[in-house]
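# From the sequence below, what's the structure:
(chains A and B)
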There are 2 protein chains.
Amino acid sequence: MTSAVMRHTDMAETEHQNFLAWTSIKQTQVEQVLNQLLPSEQLTPHTLHSAMRYSALGGGKRVRALLCYAAAELCNTALATANAAAAAVELIHAYSLVHDDMPCMDDDDLRRGKPSCHKQYDEATALLVGDSLQTLAFEILSQPGLSNSGTQINMVNILAKASGTSGMAGGQAIDLSAVGKALDQSELEYMHRLKTGALIKAAVLLGAIGGSDAHIAAVSQYAERMGLAFQVVDDILDVEADSTTLGKTAGKDAENNKPTYVSILGLTAAKQHAQQLYQEALVALSPFGDQAKHLRLLADFIMQRSF
Amino acid sequence: MTSAVMRHTDMAETEHQNFLAWTSIKQTQVEQVLNQLLPSEQLTPHTLHSAMRYSALGGGKRVRALLCYAAAELCNTALATANAAAAAVELIHAYSLVHDDMPCMDDDDLRRGKPSCHKQYDEATALLVGDSLQTLAFEILSQPGLSNSGTQINMVNILAKASGTSGMAGGQAIDLSAVGKALDQSELEYMHRLKTGALIKAAVLLGAIGGSDAHIAAVSQYAERMGLAFQVVDDILDVEADSTTLGKTAGKDAENNKPTYVSILGLTAAKQHAQQLYQEALVALSPFGDQAKHLRLLADFIMQRSF
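Predicted structure coming up:
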């Protein structure tokens, strides 16, 4: 019995080590793809290109790219397609961070442990960086010969819908208008479903673009749950972590009087809510066994950011 | 002889009246398409949707849409495709105006005779409006069933390239870095080829998406010349027109110490340069006779904004 438990523990440890190796490989992979796709600083306009690279390279856990690659593995999506999808989603995410940090939005001087783009460069450059990172995402997905045209146009449409006013930008607008207001849990959830959830779901759906309807339905369910869990964990982190660990200014939500899962549910119930979403995400993956291993371990990874 | 001249004048007058009727029809058409495609103010997030409609509807000469429709007529592009293309290009143009007017860029309070978006709403909303109008352009071009997938992905790629750092946003960045610097004519032309020219060319190429290689080569040539002419005329207008006629603050370029065709060439040589570009644009259309009538009359229209 003891040796069986030990073997189980050993296996879990080995799986964890393998997963960490996998994340490292995939983080490097999307970094290399982005490095190749982002215009060189040697090309005019130098400052804009430099600021785009500053904002999109060398930082972050690349959770969206990892989700995209894990879904691609489950669905046997071609590597070139997965690379483009992962890069495009990371570019949309990077654009949103650059614009969100600007003084007229969250006014945040720190991002991923470095000065945010408008501090390192200037506001006008940051505005153009965000605009151009968004455009580049659509340019990448529409590059000639990436996949068949039907797949590519489907990918563009998924990413556009997830980024626009029924997705990320809409969630950001609702967030802005919610400052200082009392939201209930369903209103907060609606905001986050758009603000964070839509792009996380898009990352998974783009990775799964080569999959069967059954695969897509399952990963879609998984992505919705983990998209929400991601934000609940984020709210918990904002309360529990310090700025160094977080790589951005901690405690901003409370300072800005923003409604969060923690402010509405309390810390304990917020953690329970995250756990429930996580369990529901795992259920969606259950038909696929070991094929969904990396999606499952990514769910753990998202949860373990805080507890 | 006199009656022949009179008949010629009558014919020119009739053609002019027909053209004005055509522009009016097409301006209404793109307005209706945009009105249908822009999210309703009744939908959440209300303010963002309202501000998007405020910024993209009801204003401007719709030169880019008109160029798109005229190219579509020459190339027998399907109406639904032309409508989507015209709307997408106008959305990219509208997004660029909203962001350009912001305090960190040109800081312009007036646009198309109305308060600019960040004055009517606020800066955070204007930032999201620009972001969301750009996204909507790509959503429209990627909508399921618009055309065949190959055509659609080609359209997305053309628009993305024209909007990014090798196009409009790149030109804007060069423009920013050029304030207070002495540019020569070729540097100025390079800037405008990106800043204004790329999107005008995209408007024509998207309209011509159904055309033969010969058609596309010709309209591409036409669009490059008129894209530059458009900017030369704009620089002349900035000196000669008042704010009421212009619908935006006049004299901003000189005030901001920005290099312009007028500041580099002088007013007379700038007008001659515009005329030369115009003549070259017409030469490109010469193989197509009456089929290219509206593109030809649009070239006149672009020139007649100032003289």
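# quick one: the helix or strand that residue A:161 is a member of to helix B:149-163, angle?
Assessed by DSSP states H and E, residue A:161 sits inside helix A:149-163. Using axes from the mean of the first three to the mean of the last three C-alpha atoms, to 10 degrees, the direction of helix A:149-163 lies 50 degrees away from that of helix B:149-163.
# Just the CA trace of the helix or strand following helix A:149-163, in CSV.
Beyond helix A:149-163 on the C-terminal side, the first helix or strand identified by DSSP H and E is helix A:168-178. Taking C-alpha atoms only, helix A:168-178 is exported to CSV below (Å, rounded to 0.1, in the frame of the first residue of the first chain):
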residue,chain,number,x,y,z
MET,A,168,-12.9,41.6,-24.8
ALA,A,169,-13.4,45.3,-25.7
GLY,A,170,-17.0,45.1,-24.6
GLY,A,171,-16.0,43.6,-21.3
GLN,A,172,-13.5,46.4,-20.8
ALA,A,173,-16.2,48.9,-21.5
ILE,A,174,-18.6,47.3,-18.9
ASP,A,175,-15.7,47.2,-16.5
LEU,A,176,-15.1,51.0,-16.9
SER,A,177,-18.8,51.8,-16.4
ALA,A,178,-18.9,49.5,-13.3
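# where does chain A have low pLDDT?
Counting by pLDDT under 70, the ranges of chain A that qualify are A:1-8, A:242-257, A:306-307.
# quick check, the helix ranked longest in it touching chain B?
The longest helix of chain A (DSSP state H) is helix A:2-37. No: on the criterion C-beta under 8 Å from any C-beta of the partner chain, helix A:2-37 is out of touch with chain B, staying 11.4 Å away. For the C-beta atoms, the positions are set from N, CA and C on the backbone; glycine is no exception.
# and that helix, what does it pack onto?
Judged by 3 or more C-beta pairs under 8 Å, 6 or more residues apart in numbering or on different chains; DSSP states H and E, helix A:2-37 is in contact with helix A:63-75, helix A:79-100, helix A:293-304.
# for the next helix-or-strand element following that helix, packing partners?
Once the chain leaves helix A:2-37, the next helix or strand it forms, by DSSP H and E, is helix A:46-56. With contacts defined as 3+ C-beta pairs under 8 Å, 6+ apart, the packing partners of helix A:46-56 are helix A:79-100, helix A:117-120, helix A:123-141, helix B:168-178.
# Apply 10 Å and report the result again.
helix A:2-37, helix A:79-100, strand A:114-115, helix A:117-120, helix A:123-141, helix B:168-178 (3 or more C-beta pairs under 10 Å, 6 or more residues apart in numbering or on different chains; DSSP states H and E).
# quick one: the longest one to helix A:46-56, angle?
Pointing back at helix A:2-37 there. For helix A:2-37 against helix A:46-56, the angle between stretch directions is 170 degrees (the same axes, to 10 degrees).
# Pull out the buried residues from helix A:2-37.
Across helix A:2-37, burial judged by 16 or more other C-beta atoms under 10 Å in any protein chain shown covers A:19, A:22-23, A:26-27, A:29-31, A:33-34, A:37.
# Just name the closest of these to chain B, please.
Closest approach to chain B among the buried residues of helix A:2-37 (C-beta to the nearest C-beta): residue A:37, at 11.4 Å.
# isn't that closest one right up against residue A:140?
Yes: using C-beta atoms under 10 Å, residue A:37 makes contact with residue A:140 at a distance of 5.8 Å.
# Quickly list what's touching both of these two.
By C-beta atoms under 10 Å, 6 or more residues apart in numbering or on different chains, residue A:37 and residue A:140 have these common neighbours: A:83-84, A:87-88, A:91.
# Which two among those residues are spaced furthest apart?
Within the shared contacts of residue A:37 and residue A:140, A:83 and A:91 form the most distant pair, 12.5 Å apart (C-beta to C-beta).
# quick one: which of the two has more around it?
Higher neighbour count among residue A:83 and residue A:91: residue A:91, with 27 against 23, using other C-beta atoms under 10 Å in any protein chain shown.
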